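**Student:** Return a 3D structure for these sequence lines:
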Amino acid sequence: ATFDNHSANDFAPYVYISTDFGTTWRAITTGIPAGQTVRTITEDLKNPNVLYVGTEFGLFVSLNKGTQWIRVKANLPTVPIAEITLHPRDNDMLLATHGRSIWILDDISAFQQASTAMASAAYLFDIRAATSFNPGSFRPAFGSPGDRRFWGKNPEMGAAVTYYLRGPAQSVSARVTDASGAVVRELGADDFAGKMSAGVNRLQWDLRHQPIPDSLVSGGGRSGGTAPFVLPGTYRVAMTVDGRDAGTKSVTVNGDPLSVITDADRKLWHDLSLAVHQLQSVAGVAAARIAALSASGRAVQQLVNQAQTPPAAIRTSVEALNRELAGLRRQFSVPVPGEPATSGRGGGGGGGGGVGPVPNQLGGVKGQLLQSTSRPTEVQLRTAREARQDLVTAIDAINRIITTALPAMYQALGQPQLAPSVTPLPAVTVSIP
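**Tutor:** Residues are numbered from 1 along each chain as shown. Presented below is the predicted three-dimensional model:
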């Protein structure tokens, strides 16, 4: 129970607890400073030892049934709090304030499990269910509102991974696995940058598979290295802090309830999107190999030009090699320093019936799929299959150049020691559904 006596010029905090149904009461105000008139008190719905009080100047929480109170700051301004409501479904805290309207704290699991967390060097809190969806772009009908925006910020997209660190950490990582144990996402140093300080930290997993590094992304489409959403289901998040296990928790991923799609069509969309995404990464690696081999092809050409009487067969072979590499560069939009950018299909290493560079085909299809919430079209399936076949054929050509053509040319020129050491590309194992 709380009492507010400020109308009598008494601004002391009054908070009491009874454990015998009101027969006796004792004060529980340790940690609440003088002058903090208390307006309301609420008991947590999941942990009865956790209490919340709203005062004239802010919010306080007790983790031990009122024995000690702690001021909640974060981004909560100094403001009178008249009422505290806990959402039973979403586990959010809703504060009725005087001056800042309704203030919502998303997911209060950190308060509910704080006592257990603070006994550990690192602790991963429960993760509430999350929904995957493509966000819309909200624009007010009345044009630019300037600096007067009278609406709240929506919760961040994805699953909120909240964790406690007793002290600053040197490294934090997390691994997300599906029901079969397969890894769908690795969250590492870049993801946790700025989120390794002592106290409670939070990271948003965007519910997507592993993205592609920018260095491997080229071609059309607006998706870049963005990965597709995982399928709805239950996933496991395992966290590691400074090389030690910090806990594993489950998270339920729900599909967009506004998206009308059958489970079979959703799986086809997911499998095709993920396959194209993975092929996009393979194409990026292939493009890097083509660039390296092109440099070697130019080097061999220089050796031939510098030779006094090179065999005609060698000159012909080198010219054929560089034509093949030029075709591969066009096929993968690989630029050559000092030369105009090339695109489109070209002779050598290509084959297949695709239209346009392989990265453009893959990027274009993936961009369409990631913006879609329906079954993939036959055109998208056909384009993906053609791009995959082009990629397979090109990798065969790349590996032949690496293992046979280049070493033979350096050997014929009497310079085998100058042959570059390039690792062949693995075979394409990604299949199109």
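
**Student:** quick check: mean pLDDT across stretch 290-306?
**Tutor:** The average pLDDT for stretch 290-306 rounds to 91.

**Student:** List the buried residues of it.
**Tutor:** 290-291, 293-294, 296-297, 300-301, 303-304 (16 or more other Cβ atoms under 10 Å). Quick note: C-beta positions are derived from backbone N, CA and C, even for glycine.

**Student:** May I see those arranged in JSON lines, with distance to Q278 as well?
**Tutor:** Converted to JSON lines, the buried residues of stretch 290-306 look like this (distance: Cβ to Cβ, whole Å):
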{"residue": "I290", "distance to Q278": "19"}
{"residue": "A291", "distance to Q278": "21"}
{"residue": "L293", "distance to Q278": "23"}
{"residue": "S294", "distance to Q278": "25"}
{"residue": "S296", "distance to Q278": "28"}
{"residue": "G297", "distance to Q278": "28"}
{"residue": "V300", "distance to Q278": "33"}
{"residue": "Q301", "distance to Q278": "35"}
{"residue": "L303", "distance to Q278": "38"}
{"residue": "V304", "distance to Q278": "39"}
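
**Student:** Point to the residue nearest the middle of the protein.
**Tutor:** D206 (4.7 Å; Cα atoms, centre = their mean).

**Student:** Go ahead and confirm that residue touches V161.
**Tutor:** No: using Cβ atoms under 8 Å, D206 makes no contact with V161, being 11.0 Å away.

**Student:** quick revisit: pick the one among the buried residues of stretch 290-306 closest to L274.
**Tutor:** Taking Cβ to Cβ as the measure, I290 is the one of the buried residues of stretch 290-306 closest to L274, at 24.7 Å.

**Student:** For this protein, which residues score under the pLDDT cut-off?
**Tutor:** Residues of the chain that meet the criterion pLDDT under 70 lie in 137-151, 218-223, 337-355.

**Student:** Please name the residues that touch M409.
**Tutor:** M409 makes contact with 300, 314, 317-318, 321 under the criterion Cβ atoms under 8 Å, 6 or more residues apart in numbering.

**Student:** To clarify, my last question referred to P257.
**Tutor:** Taking Cβ under 8 Å, 6+ apart, one finds T131 in contact with P257.

**Student:** beta partners of T42?
**Tutor:** Y52 (DSSP bridges).

**Student:** what about the residue nearest to the centre of the chain, distance to T226?
**Tutor:** 9 Å (Cβ to Cβ, to the nearest Å).

**Student:** Ok, Q380 next?
**Tutor:** Taking Cβ to Cβ, one finds Q380 at 17 Å from T226.

**Student:** next one: K153
**Tutor:** Counting by Cβ to Cβ - K153 and T226 are separated by 22 Å.

**Student:** So the two - more neighbours on which side?
**Tutor:** T226 (18 against 7; other Cβ atoms under 10 Å).

**Student:** could you dump stretch 112-123 to PDB, C-alpha only?
**Tutor:** Output of stretch 112-123 as PDB, limited to C-alpha atoms (Å, rounded to 0.1, in the frame of the first residue of the first chain):
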ATOM      1  CA  GLN A 112      11.600 -10.500 -13.300                       C
ATOM      2  CA  GLN A 113      14.800 -12.600 -13.500                       C
ATOM      3  CA  ALA A 114      17.300  -9.900 -12.200                       C
ATOM      4  CA  SER A 115      18.000 -11.700  -8.900                       C
ATOM      5  CA  THR A 116      19.100 -14.900 -10.700                       C
ATOM      6  CA  ALA A 117      21.000 -12.900 -13.300                       C
ATOM      7  CA  MET A 118      23.000 -10.800 -10.800                       C
ATOM      8  CA  ALA A 119      24.300 -14.000  -9.200                       C
ATOM      9  CA  SER A 120      26.000 -14.800 -12.500                       C
ATOM     10  CA  ALA A 121      28.900 -13.200 -14.400                       C
ATOM     11  CA  ALA A 122      26.700 -13.300 -17.500                       C
ATOM     12  CA  TYR A 123      23.100 -14.200 -17.900                       C
END
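
**Student:** Could you shift the numbering so residue one becomes 51, and keep it that way?
**Tutor:** All set: I'll call the first residue 51, so the last point we hit is now stretch 162-173.

**Student:** For I451, which non-adjacent residue is spatially closest?
**Tutor:** Closest residue in space to I451, ignoring its immediate chain neighbours: L343 at 5.7 Å, by Cβ to Cβ, 6 or more residues apart in numbering.

**Student:** OK, contacts around the one you found?
**Tutor:** By Cβ under 8 Å, 6+ apart, the contact list for L343 reads 375, 378, 448, 451-452, 456, 472.

**Student:** Make a markdown table from the residues you listed and add distance to F53 and secondary structure to it.
**Tutor:** Formatted as a markdown table, the contacts of L343 follow (distance: Cβ to Cβ, whole Å; DSSP: H, G, I helix; E, B strand; the rest coil):
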| residue | distance to F53 | secondary structure |
| --- | --- | --- |
| L375 | 84 | helix |
| L378 | 80 | helix |
| I448 | 79 | helix |
| I451 | 84 | helix |
| I452 | 82 | helix |
| L456 | 87 | helix |
| V472 | 79 | coil |
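
**Student:** and of those, the nearest to I482?
**Tutor:** Distance ranking of these against I482, using Cβ to Cβ, places I448 first at 20.7 Å.

**Student:** ok, now which ones touch the residue lying closest to that closest one once chain neighbours are set aside?
**Tutor:** Of all residues not flanking I448 in the chain, R339 sits nearest, at 5.4 Å (Cβ to Cβ, 6+ apart). Counting by Cβ under 8 Å, 6+ apart, R339 touches 448, 452, 472, 475.
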